[in-house]
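> Any chance you can model this:
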Amino acid sequence: MADFRQLIADNLKQSNNFVIVNYLRKAIKQESGGHISLIAAYDKGTDRFLILDVSRYKYPPVWVKAEELWQAIATVDPDGGKTRGFVLVSR
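Model (predicted):
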């Protein structure tokens, strides 16, 4: 969990870097199943990540506790039979 938090926080500190996350929406108290969106920021004081949902017409940006997001990523995707994950994007 600590490595997850640090990897994302460090990546977001760099200009033009992005984080793409595959998570189970139900695990963060949203409707529906698995989903992929962007993480835009990390707030160390509250230990939360800002998710900018690609379906913003239905899901506005939301701050999610780091532990809850980690748990939402650790779920198994029933189609692939593997856990979800995240991608660090940089130049």
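> ok, I51 - how many residues close by?
For I51, the neighbour count with other Cβ atoms under 10 Å is 25. The C-beta positions use only the backbone N, C-alpha and C, and glycine is treated the same way.
> what's across from it in the sheet?
Residues in a beta bridge with I51, per DSSP bridges, are I39, V62.
> hang on, isn't it packed against I36?
No - using Cβ atoms under 8 Å, I51 is not in contact with I36, being 10.5 Å away.
> element containing S37?
strand 34-43 (DSSP states H and E).
> Could you pull up the mean pLDDT of that strand?
Taken as a whole, strand 34-43 has a mean pLDDT of 95.
> Now the common contact residues for I51 and I36.
Residues touching both I51 and I36 (Cβ atoms under 8 Å, 6 or more residues apart in numbering) are V21.
> And the pLDDT for the nearest residue to E68 once chain neighbours are set aside?
Closest residue to E68 apart from its sequence neighbours, by Cβ to Cβ, 6 or more residues apart in numbering: I28 at 5.4 Å. The per-residue pLDDT reported for I28 equals 92.
> That concludes my questions; thank you for your assistance.
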